[in-house]
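Visitor: okay, here's the prediction I keep looking at, along with the sequence it came from:
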Amino acid sequence: MTTDLASTEDADAALAALAALTQRARDLVDAVVLTDVPDSELTAVAAELAALTERLSARRRTSPQPFEIGPDGVPRHAGNAVTGSANPHALPLVARTAPDGTVRAELSFRPTHEGPPAAVHGGISAMILDHMLGHAVAMAGVAGMTATLTVRYLRRVPYGEPLVATAEYTRSEGRKSWSEGRIALPDGTPLVEATGLFITPREWAQNRLPG
Ligand SMILES: CCCCCCCC/C=C\CCCCCCCC(=O)SCCNC(=O)CCNC(=O)[C@H](O)C(C)(C)COP(=O)(O)OP(=O)(O)OC[C@H]1O[C@@H](n2cnc3c(N)ncnc32)[C@H](O)[C@@H]1OP(=O)(O)O
């Protein structure tokens, strides 16, 4: 028992250190996107970054931090590109499920996510909605892989402003499940809407979860 507890604490400490590093990496990416320092400074920083990358690469995994069910019974996936605390690519999105099954996340995009001038890239909005819709079907007990995602872009999505993403499971037929969701302003004005079809792979159909 003591050993298990110690190793759990060690794993938590390692993940916390990784999450702190990851946030520094996000800050770095934001700084790269917005920097206006002279060329000589860019060259000097690039050399320092190359050295840091080499230090981190001294020991490398073959894949990101895995999907797992935490000791609290809550699934977590630190390596995930959308939610991962250990993935600099992730916002990270923090999605919560209400008792009625609605999934909700408060989010704010950054200049890093620019597509059209002064707006968020449509593929980034689609990625967030893919995740939200997938989360909604997973919370309904019918986790699946995205088969189709239909996105309707209604208004320009701003960065640097608080936004709200929501999603709901709608129905299932056999291994096929549907959900819908949106990214909206805090007052509820929808900016992007999506519907999705998720299919539970045959191998998940018994356990409902991957792995
Ligand atoms: C995901 C993790 C879940 C974790 C859950 C717990 C924690 C919750 C927390 C957090 C939630 C995380 C949420 C993540 C969200 C992000 C998800 C993604 O981004 S997934 C990556 C992108 N998607 C792919 O890479 C799929 C690639 N495609 C496939 O793997 C297969 O094609 C698959 C599984 C989609 C279907 O393969 P078959 O072999 O099972 O399909 P067949 O048996 O041929 O068809 C079954 C039925 O589905 C229709 N169908 C199949 N594919 C279709 C398609 N693309 N479009 C429309 N219908 C399709 C068929 O016509 C058939 O329909 P008829 O039964 O005849 O009515």
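Guide: That came through fine.
Visitor: and residue 148, what helix or strand is that in?
Guide: strand 145-153 (DSSP states H and E).
Visitor: can you list contacts of that strand?
Guide: The contact list for strand 145-153 (Cβ atoms under 8 Å, 6 or more residues apart in numbering) reads 122, 125-126, 129-130, 133-134, 176, 191-201. C-beta here means a position set from N, CA and C on the backbone, and glycine is covered the same way.
Visitor: who does the strand or helix carrying residue 182 pair up with?
Guide: In the assignment (DSSP H and E), residue 182 maps to strand 176-184. Applying DSSP bridges, strand 176-184 is found paired with strand 163-173 (antiparallel), strand 190-199 (antiparallel).
Visitor: among those strands, which comes closest to residue 118?
Guide: Nearest of the strands paired with strand 176-184 to residue 118, taken as Cβ to Cβ: strand 190-199 at 13.9 Å.
Visitor: quick check: residue 43 vs the ligand, distance?
Guide: For residue 43, the distance to the ligand equals 38 Å [Cβ to the nearest ligand atom, to the nearest Å].
Visitor: what about that residue, how many residues nearby?
Guide: Using other Cβ atoms under 10 Å, residue 43 is surrounded by 9 other residues.
Visitor: how about it, what does it touch?
Guide: By Cβ under 8 Å, 6+ apart, the contact list for residue 43 is empty.
Visitor: can you tell me how far it sits from residue 61?
Guide: Distance of residue 43 to residue 61, computed by Cβ to Cβ, to the nearest Å: 31 Å.
Visitor: could you look up the SS state of the residue in the chain that the ligand sits nearest to?
Guide: Using Cβ to the nearest ligand atom, residue 134 is the residue of the chain that sits closest to the ligand, at 2.4 Å. Secondary structure assignment for residue 134 (DSSP: H, G, I helix; E, B strand; the rest coil): helix.
Visitor: assess the claim that it and residue 197 are in contact.
Guide: No. Taking contacts as Cβ atoms under 8 Å, residue 134 lies outside contact range of residue 197: 10.8 Å.
Visitor: those two: which is more packed in?
Guide: Using other Cβ under 10 Å, the more surrounded residue of residue 134 and residue 197 is residue 134, with 24 against 18.
Visitor: what sits against the more buried one?
Guide: Contacts for residue 134 (Cβ under 8 Å, 6+ apart) come out as 143, 144, 146, 179, 196, 198.
Visitor: neighbours of the last one, just the number please.
Guide: In terms of burial, residue 198 registers 26 neighbours under the definition other Cβ under 10 Å.
Visitor: tell me which stretches of the protein form strands.
Guide: 67-69, 75-77, 96-97, 103-107, 145-153, 163-173, 176-184, 190-199 (DSSP state E).
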